[in-house]
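> Please find the sequence and the predicted model below.
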Amino acid sequence: MLIIHNTLSGKKEEFIPFNDSNVNIYVCGITPYDEVHLGHARCYVVFDVIRRYLKYKGYNVKYVQNFTDIDDKIINRSNELKVKSSELAQKYIDDYFSQMKKLNIENADSYPRVTQKILEIIEFIKKIIDNGYAYAVEGDVYFSVRKFKDYGKLSKRNIEDLKVGNRILPGEIKNDPLDFALWKKAKDNEPSWPSPWGEGRPGWHIECSAMSLKEFSSSYLDIHGGGQDLIFPHHENEIAQSEAATGKQFVKYWIHNGFVTINKEKMSKSLGNFFTLREIFDRYDPMVVRYMLLSQHYRQPLDFTEEKLEQAKSAFERITNIIEKTENIQHNQTTLLSDSALTEQISNFNEYMDDDFNSAGALASVQTLTNILNRHYEDYIKNSNSDNKKKFVYLYKKELLKLCGILGLSVEHKIVIPTNISILVEEREQARKNKNWKLSDELRQKIKKEGFDVEDTKSGPRVHPVRD
């Protein structure tokens, strides 16, 4: 049984999708006005693992993630840099894909953008107005918060408490300080689109409601996710406007990941502790960063420190080292062994992940499996490449790779060996069998000139690029 913590109810619930084995997931994407950072990495690694695990469990998953490619931040930044907002957004969308690829994050099934869905957003706003939950005034459209009786149910906030501190800003003409913009009247020197209310652009919150329901061709989502900072007001407003438009429950399970701090301080440019992924990847393997992000349960705060990165590096290298040692060991055994240690760790892994996607616990099972595989490999070497020992090594490695794959950890060194190098390695191996050591040494040097080393092991030759 898969159990998920639902922000809406504030407790763990059994996961039962609306439509049997089909799961709709929508995750709020970036506002592309700057390079992606650690906070982005944590969010998208978390939901990448959730998606992978649901697929592993047999669900048909459709995963959608948007780009907010028009927004006050983008407009202000593009004006500062004197470039088009579309050019600025595209630059950082490209950066997003570049850094996420390094983190081994699978592409979403769809990436809707606000600027490409203006007509859909306008139609959605019309529905809200027609249902009596929004009003137009002098080119702006506002949502009437007080008319939506369940407002505050996600963030557990009382509407009267929210009124305190809210005010109507200069230039706003709305009925209540709590009301929020669905459509913004055009200002000078900023992009705009025609609408029934005049030239303008969408407000921040409306895009996700309109685009998510359009992408899934339905009135519901199974899972909606994002960082905890989006619970209020963004996701609270999404619920209000979506359910006002459709009259139905918008999302069944709300999932939110915890914040990232740097040495127990909030990540901030003003504090000088703001790290882009590009900066971090200059010093650490992206898979080490991914490992560290998964070492803490997704709902808990994650404190990012040099020490934790080094710990993640050591832990990750324990896995990659045994995978590299056993990369040439193959066996025709395909079924899972009746081995209590192996089945126990697979069972533990599943139990951890079934309990609200506990990746920290799952990594503990992966490390235990790594230790057992190391022992089987040592036995295999000591027992003169025994076929029975070989079988254990092969199947343990196979299961270890499978579990790492579910967590999105790329632990195999995918080295492409050119055909001419493979031929030389085979010739050298034959020379060694014939005890022609002179020819063997000559072939090794020839291989090295081509940029590869040959390491002789009891399980056969291992080829890798020349190391500095």
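Received, thanks.
> drop to CA atoms for contacts and neighbour counts, all remaining ones
Noted.
> all helices of the stretch 351-468 of the chain, in order?
With DSSP state H, counting those that start in this stretch applied, the stretch 351-468 of the chain shows helices at 359-382, 387-406, 419-433, 437-449, listed in chain order.
> I'd like to know which of these lies nearest to residue 226.
helix 359-382 (17.1 Å; C-alpha to C-alpha).
> Determine the set of other helices and strands touching the helix or strand of the chain with the lowest mean pLDDT.
None of the helices or strands of the chain scores lower by mean pLDDT, DSSP states H and E than strand 460-465, at a mean of 75. Counting contacts by 3 or more C-alpha pairs under 8 Å, 6 or more residues apart in numbering; DSSP states H and E, strand 460-465 packs against strand 452-457.
> Neighbouring strands - and their directions - for the strand it packs on?
Counting by DSSP bridges, the strands paired with strand 452-457 are strand 460-465 (antiparallel).
> residues making contact with the partner strand?
Applying C-alpha atoms under 8 Å, 6 or more residues apart in numbering, the contact partners of strand 460-465 are 328, 415, 417, 425, 429, 451-456.
> Redo the helices of the stretch 351-468 of the chain as TSV? Include mean neighbour count and distance to residue 321.
TSV is the format used below for the helices of the stretch 351-468 of the chain (neighbours: other C-alpha atoms under 10 Å; distance: least, C-alpha to C-alpha, whole Å):
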stretch	mean neighbour count	distance to residue 321
helix 359-382	19	9
helix 387-406	19	12
helix 419-433	15	22
helix 437-449	16	22
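> Any chance of TSV for those helices, columns distance to residue 46 and mean pLDDT?
TSV is the format used below for the helices of the stretch 351-468 of the chain (distance: least, C-alpha to C-alpha, whole Å; pLDDT from 0 to 100):
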stretch	distance to residue 46	mean pLDDT
helix 359-382	9	95
helix 387-406	12	92
helix 419-433	39	89
helix 437-449	42	92
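> quick revisit: between the least confident helix or strand of the chain and helix 437-449, how big is the angle?
Counting by axes from the mean of the first three to the mean of the last three C-alpha atoms, to 10 degrees, strand 460-465 points 30 degrees away from the direction of helix 437-449.
> So which bits of strand 460-465 are buried?
462-463 (16 or more other C-alpha atoms under 10 Å).
> returning to that earlier point: figure out which of the helices of the stretch 351-468 of the chain is closest to residue 31.
Judged by C-alpha to C-alpha, the one of the helices of the stretch 351-468 of the chain that comes nearest to residue 31 is helix 359-382, at 27.2 Å.
> picking up where we left off before, how far off centre is the least confident helix or strand of the chain?
33 Å (C-alpha atoms, centre = their mean, to the nearest Å).
> I'd guessed residue 153 sits against residue 8; true?
Yes: using C-alpha atoms under 8 Å, residue 153 is in contact with residue 8, at 6.9 Å.
> Quick check: closest non-adjacent residue to residue 74.
For residue 74, ignoring the flanking residues on the chain, the nearest one in space by C-alpha to C-alpha, 6 or more residues apart in numbering is residue 33 at 5.1 Å.
> Next, count neighbours for that neighbour.
24 (other C-alpha atoms under 10 Å).
> and it, which of the three is it?
With DSSP: H, G, I helix; E, B strand; the rest coil as the basis, residue 33 sits in coil.
> about what we covered before: got the helices of the stretch 351-468 of the chain as a markdown table, with distance to residue 238 columns?
Compiled in a markdown table, these are given as follows (distance: least, C-alpha to C-alpha, whole Å):
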| stretch | distance to residue 238 |
| --- | --- |
| helix 359-382 | 28 |
| helix 387-406 | 31 |
| helix 419-433 | 56 |
| helix 437-449 | 60 |
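> between those helices, which gets nearest to residue 112?
helix 387-406 (26.0 Å).
> Need the buried ones from the contacts of strand 460-465 selected in PyMOL.
Here is the PyMOL command that selects the buried residues among the contacts of strand 460-465 (16+ other C-alpha under 10 Å):
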select buried, resi 425+429+452+453+454
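> and of the contacts of strand 460-465, the nearest to residue 52?
Nearest member of these to residue 52, counting by C-alpha to C-alpha, is residue 415, at 24.7 Å.
> Wait, residue 232 touches residue 153, no?
No: taking contacts as C-alpha under 8 Å, residue 232 lies outside contact range of residue 153: 10.5 Å.
> what do the two both touch?
By C-alpha under 8 Å, 6+ apart, no residue touches both residue 232 and residue 153.
> CA-only coordinates of stretch 396-408 in PDB, if you can.
Output of stretch 396-408 as PDB, limited to C-alpha atoms (Å, rounded to 0.1, in the frame of the first residue of the first chain):
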ATOM      1  CA  TYR A 396      22.900  -8.600  -6.700                       C
ATOM      2  CA  LYS A 397      24.400  -6.100  -9.200                       C
ATOM      3  CA  LYS A 398      21.300  -6.300 -11.400                       C
ATOM      4  CA  GLU A 399      19.000  -5.500  -8.400                       C
ATOM      5  CA  LEU A 400      21.300  -2.700  -7.200                       C
ATOM      6  CA  LEU A 401      21.200  -1.100 -10.600                       C
ATOM      7  CA  LYS A 402      17.400  -1.400 -10.600                       C
ATOM      8  CA  LEU A 403      16.900   0.300  -7.200                       C
ATOM      9  CA  CYS A 404      19.400   3.100  -8.100                       C
ATOM     10  CA  GLY A 405      17.400   3.600 -11.400                       C
ATOM     11  CA  ILE A 406      14.200   4.100  -9.400                       C
ATOM     12  CA  LEU A 407      16.000   6.900  -7.400                       C
ATOM     13  CA  GLY A 408      17.400   8.300 -10.700                       C
END
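> For it, give me every contacting residue.
Here stretch 396-408 has contacts from 48-49, 52-53, 56, 104-105, 323, 326, 342, 349, 359, 366, 369-370, 373, 410-411, using C-alpha under 8 Å, 6+ apart.
> quick one, domains of this protein?
Listed domain ranges for the chain are 16-257, 265-406, 419-465 (source: automatic domain parsing).
> quick one: which of those domains is nearest residue 1?
Short answer: domain 265-406, nearest of the domains of the chain by C-alpha to C-alpha, at 6.5 Å.
> for residue 453, what are its contacts?
Counting by C-alpha under 8 Å, 6+ apart, residue 453 makes contact with 444, 447, 463-466.
> how close does it get to residue 437?
As judged by C-alpha to C-alpha, to the nearest Å, residue 453 and residue 437 stand 17 Å apart.
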